[in-house]
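>>> What would the 3D arrangement of this be:
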Amino acid sequence: EVQLVESGGGLVQPGGSLRLSCAASGFIFSRYHMSWVRQAPGKEIEWVSAINSINRGTTTTKYADSVKGRFTIDRDNAKNTLYLQMNSLKPEDTAVYYCARITGPALNPMDYAYRGQGTQVTVSS
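As a prediction, this is how the structure comes out:
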């Protein structure tokens, strides 16, 4: 059974940082592209970032324009864990953040069939 469990969310002031983690189990983690998506209150789910399955040591990442330069996605295949380092947080980053397992061969962050239960991130003073 595929399981994705996010953690690390919380309340942070604007300009602050958080590091989200996603513990994966039930599948061979290293073989899958992974992504982070988020959903703000009253809005549709949007993609945040994605990272490829590590192939020959080459890492490929992508970021939504709204988070580029502030967020960093990473993965530790030995620990079956996906991360999202979020810096310079803004109130508009407030959302439930989900990690997701990308289904197809392309690094398409929204092409997923499995995602976790989410972790709440609130950016407010």
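
>>> for this protein, which residue is closest to the average position?
Central residue check for the chain by CA atoms, centre = their mean: the C-alpha nearest the mean position is that of Trp36, 2.5 Å away.

>>> what packs against the helix or strand that residue falls within?
Taking DSSP states H and E as the definition, one finds Trp36 inside strand 34-39. Strand 34-39 is packed against strand 18-25, strand 46-51, strand 81-86, strand 95-102, strand 112-115, with contacts defined by 3 or more CB pairs under 8 Å, 6 or more residues apart in numbering; DSSP states H and E. Every C-beta, even on glycine, is put in place using the N, C-alpha and C of the backbone.

>>> tally of neighbours for the nearest residue to the residue nearest to the centre of the chain once chain neighbours are set aside?
Spatially, and ignoring its direct neighbours in sequence, Trp36 is nearest to Val48 (4.3 Å; CB to CB, 6 or more residues apart in numbering). Neighbour count of Val48, defined by other CB atoms under 10 Å: 25.

>>> Surely Val48 and Tyr63 touch.
Yes: using CB atoms under 8 Å, Val48 is in contact with Tyr63, at 7.3 Å.

>>> State the distance from the residue lying closest to Thr119 once chain neighbours are set aside to Glu1.
Using CB to CB, 6+ apart and skipping the chain neighbours, the partner closest in space to Thr119 is Gly9 (3.4 Å). Gly9 sits 23 Å away from Glu1, going by CB to CB, to the nearest Å.
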